[in-house]
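Participant: here's a sequence, model it:
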Amino acid sequence: MCMEDTPAAAGNVPEGTPPTTPQTPAAESAIGDKMLLLDNAADAEEAPSAAGAPAARQFGIRANCGQVVVHMLLSVLVGMLLRLTIFPQSMMAAELTEATAAPSNATAPEENTGFHPYQTAFLVSFGVTKAVFNLFIGRAADRFGRRVCHLIGWGFGAVLAAVLLSASGSWRVIVLANVALGAMQAVTWSTNIFMVMDILGPTRRAAASAASNAAGYLSSSATAFLAAYLVDAYGYTAAFQGVAVCSAAGLLISLSAKETLPFVTAEAALEGDDDGDEEAAPPRRHPLRATAMHSNNHRVRTIGEEIAEWRNTAWQTTGGNPSAGVNCMVGLAVNMLTGLVWGYLLIWIKNQHLGTFRTALVNAVYSFTKGILLVPSGLLSDALGRRRPMIAAGLALLLVGLAFFAAAGLPGAEETTVFLRLLSGALALGVGTGLIYPVISASVGDHTPPEERATALGVFRFWRDLGYAAGGLLPALLVSSVHSRTSFVATNVAFAGVIGVVLVVYLCVYRERVAREGAAGVE
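Facilitator: Take a look at the predicted model:
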């Protein structure tokens, strides 16, 4: 059932303002800019009002219930496809360890089971590809539209399914298949979040990010058990057949998704120069934007202009704006831990002989806790009008989770104690990530003009998703044996050190900049 959300009262002249009030030159210029922005919308059908303010689209769930449902279904399928791909590969990686150790040292496997990068190469190929595609998908979505990019993403899903089903157990082919998985996840999930953010409007950014991520990660956590069952009962091929089903369903449902760029144009026109922020709004950062959109409104921009504008937004998001830059650092650190959970942690658990079901349960607790908290976290952050407390608290909880993981590896702990500590660590990591994930995407949006938001979010997601590759590779530098508890403890302590540094830097650098209610056409 769709919840009611008050639509934008865009285009209304504030009460008490006489319609005949003389306009200053600056005001006339601002009004002209808004009208030009509105004319650029692909399906902006309504003309500006007499007072010069454009009649904007209605933001929120109530006015766009059908499209919100479509995007939630698509998020569910993205999450299912991810788990049906990643979980079987983690189990295959653990078997690679056992197969390598058995022939040469069957009686003392701990002495010959070092952790090698090829065991988590599937995470590296996935993370790097997803990061690179994220870097450009935001600009493509701003330039060519969200919908066409989203459809292309599901095309990558079909390629992924075909490669997985033809792999015949070849680990090299599986690793290469994750290039398609990274491309598919980057394009489909990124554009899904862009579109939900566009629809819900500027004061519901965290809720929009939360809704898309929650649907995906809750379905992912539930699918972990399905993946474990399929692998145990029917083998890896059965799980990969599920990937094909999800890809086909996603492609069909995405055909009913509508373009959301008109919402972006309406938001940019309504925002004007009034941001209502705690710190001064950054300037519209590139002079080519003004030249292209105002002086030559109907001129197609050159490739050089497009590159210069993308490069400027990428720089501002990465570090030119310190608050946006530190968000990228936090995102990378969070996904580094996700890479740790999906790769080394699951391989270590499997080699502790805790069983496939317990391994899936630890994985599912992390994803489910994360997913269930995304929407409340996003709503709370939007209601408070603050991002910093949620992100700082989330980082602190990540430290707690890593402490539980390290405790699970202490010598002398019994099997049941190890399992309970692992569950506790997964729970704390899930809560911490659930607090951070929707809020940090919204925070990037807070520090970016609406018409540049998808580009900026793409750059942010590039840095964030490099964390998957880091989480897959770093354990190889620290782990002497996949059976060794000492190595497991040392790895978690090292990761905790990284998170601790990120927390300190975040608290020192980040400054709030959140749109107030009514600041951009939402009341």
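
Participant: and the spatially closest residue to L151 that is not a sequence neighbour, its phi and psi?
Facilitator: Once flanking residues are discounted, L151 sits nearest to S254: 5.6 Å by Cβ to Cβ, 6 or more residues apart in numbering. The way it works is simple: take the backbone N, C-alpha and C, and place the C-beta from them, glycine included. Note on S254: its backbone torsions stand at phi -70, psi -20 [degrees, to the nearest 10].

Participant: now do G355
Facilitator: Torsion angles, degrees, to the nearest 10, at G355: phi 100, psi 160.

Participant: and for it, the neighbour number?
Facilitator: 14 (other Cβ atoms under 10 Å).

Participant: scan the protein for its longest helix.
Facilitator: Criterion DSSP state H: the longest helix present in the chain is helix 65-104.

Participant: which strands and helices lie in contact with that one?
Facilitator: helix 121-144, helix 146-165, helix 171-200, helix 205-234, helix 236-254, helix 346-351, helix 356-384 (3 or more Cβ pairs under 8 Å, 6 or more residues apart in numbering; DSSP states H and E).

Participant: which strands and helices sit next to the shortest one?
Facilitator: Pointing back at helix 346-351 there. Counting by 3+ Cβ pairs under 8 Å, 6+ apart, helix 346-351 packs on helix 65-104, helix 356-384.

Participant: report the contact partners of the residue nearest to G242 when sequence neighbours are not counted.
Facilitator: Closest residue to G242 apart from its sequence neighbours, by Cβ to Cβ, 6+ apart: L84 at 4.4 Å. When contacts are counted by Cβ atoms under 8 Å, 6 or more residues apart in numbering, L84 is found next to 223, 226-227, 230, 239-240, 242-243, 246.

Participant: ok, L398 - contacts?
Facilitator: Applying Cβ under 8 Å, 6+ apart, the residues near L398 are 333-334, 337, 428-429, 432-433, 499.

Participant: hang on, A121 packs against G472?
Facilitator: Yes. The criterion here is Cβ atoms under 8 Å, and A121 meets it with G472 at 7.5 Å.

Participant: between those two, which has more neighbouring residues?
Facilitator: G472 (27 against 23).

Participant: secondary structure element for the more buried one?
Facilitator: helix 453-478 (DSSP states H and E).

Participant: tell me where the stretch 201-350 of the chain is predicted with low confidence.
Facilitator: 270-301 (pLDDT under 70).

Participant: ok, S212 touching S75?
Facilitator: Yes. The criterion here is Cβ under 8 Å, and S212 meets it with S75 at 4.9 Å.

Participant: now do the same contact list for G319.
Facilitator: 325, 328.

Participant: list the buried residues in stretch 230-247.
Facilitator: Neighbour counts over stretch 230-247 (16 or more other Cβ atoms under 10 Å) mark 230-231, 236, 238-244, 246-247 as buried.

Participant: mind saving the C-alpha coords of that stretch as PDB?
Facilitator: Output of stretch 230-247 as PDB, limited to C-alpha atoms (Å, rounded to 0.1, in the frame of the first residue of the first chain):
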ATOM      1  CA  LEU A 230      20.100 -24.600  -4.600                       C
ATOM      2  CA  VAL A 231      23.900 -25.100  -4.300                       C
ATOM      3  CA  ASP A 232      23.500 -28.000  -1.800                       C
ATOM      4  CA  ALA A 233      20.600 -29.700  -3.500                       C
ATOM      5  CA  TYR A 234      21.200 -29.100  -7.200                       C
ATOM      6  CA  GLY A 235      24.700 -27.600  -7.700                       C
ATOM      7  CA  TYR A 236      25.900 -24.300  -8.900                       C
ATOM      8  CA  THR A 237      24.100 -24.400 -12.200                       C
ATOM      9  CA  ALA A 238      20.700 -24.200 -10.500                       C
ATOM     10  CA  ALA A 239      21.700 -20.900  -8.800                       C
ATOM     11  CA  PHE A 240      22.900 -19.500 -12.100                       C
ATOM     12  CA  GLN A 241      19.700 -20.500 -13.800                       C
ATOM     13  CA  GLY A 242      18.000 -18.200 -11.200                       C
ATOM     14  CA  VAL A 243      20.200 -15.400 -12.500                       C
ATOM     15  CA  ALA A 244      18.700 -15.900 -16.000                       C
ATOM     16  CA  VAL A 245      15.200 -15.800 -14.600                       C
ATOM     17  CA  CYS A 246      15.900 -12.500 -12.700                       C
ATOM     18  CA  SER A 247      17.500 -10.900 -15.700                       C
END
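
Participant: picking up where we left off before, of the contacts of L84, closest to T417?
Facilitator: A227 (26.7 Å; Cβ to Cβ).

Participant: neighbours around that closest one, how many?
Facilitator: Neighbour tally, A227, other Cβ under 10 Å: 28.

Participant: G79 versus that one, what's the distance?
Facilitator: For A227, the distance to G79 (Cβ to Cβ, to the nearest Å) stands at 12 Å.

Participant: still on that earlier bit, from the chain's centroid, how far away is the helix holding G472?
Facilitator: Distance, stretch centre to chain centre, for helix 453-478: 10 Å (Cα atoms, centre = their mean, to the nearest Å).

Participant: kindly report the same for stretch 324-343.
Facilitator: For stretch 324-343, the distance to the chain centre is 10 Å (Cα atoms, centre = their mean).

Participant: can we start the residue count at 28 from this point?
Facilitator: With the count now opening at 28, the last piece we talked about shows up as stretch 351-370.

Participant: following the helix or strand of the chain with the lowest mean pLDDT, which helix or strand comes up?
Facilitator: Within the chain, no helix or strand scores below helix 314-317, which has a mean of 32 by mean pLDDT, DSSP states H and E. Using DSSP H and E, the helix or strand that follows helix 314-317 towards the C-terminus is helix 330-342.

Participant: ok so, going back, please tabulate the contacts of L425 in CSV, including the columns distance to I226.
Facilitator: Conversion of these to CSV gives the following (distance: Cβ to Cβ, whole Å):
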residue, distance to I226
A360, 30
V361, 25
L364, 30
A455, 33
L456, 30
G459, 28
T460, 25
I526, 33
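
Participant: and those, which of them are in helices?
Facilitator: Per DSSP H, the contacts of L425 map to helices at 360-361, 364, 455-456, 459-460, 526.

Participant: helix or strand for P465, which one?
Facilitator: P465 belongs to helix 442-473, assigned by DSSP H and E.

Participant: roughly how far is that helix from the heart of the chain?
Facilitator: The answer for helix 442-473 is 14 Å, by Cα atoms, centre = their mean.

Participant: which strands and helices sit next to it?
Facilitator: Using 3+ Cβ pairs under 8 Å, 6+ apart, helix 442-473 is in contact with helix 232-261, helix 349-367, helix 383-411, helix 415-435, helix 480-505.

Participant: pLDDT wise, what is L208 at?
Facilitator: We note a pLDDT of 91 for L208 in this prediction.

Participant: same check on the one 10 residues further on?
Facilitator: Looking at T218, its pLDDT stands at 89.

Participant: my read: it touches A168, true?
Facilitator: Yes. Applying Cβ under 8 Å as the test, T218 and A168 come out as touching, 5.5 Å apart.

Participant: overlap in contacts, the two.
Facilitator: Shared contacts of T218 and A168, defined by Cβ under 8 Å, 6+ apart, comprise C176.

Participant: the buried residues of stretch 257-274 into TSV, with extra columns for distance to K285?
Facilitator: TSV is the format used below for the buried residues of stretch 257-274 (distance: Cβ to Cβ, whole Å):
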residue	distance to K285
L257	35
V258	38
Y263	37
A265	35
A266	33
F267	32
Q268	31
G269	28
V270	27
A271	27
C273	22
S274	21
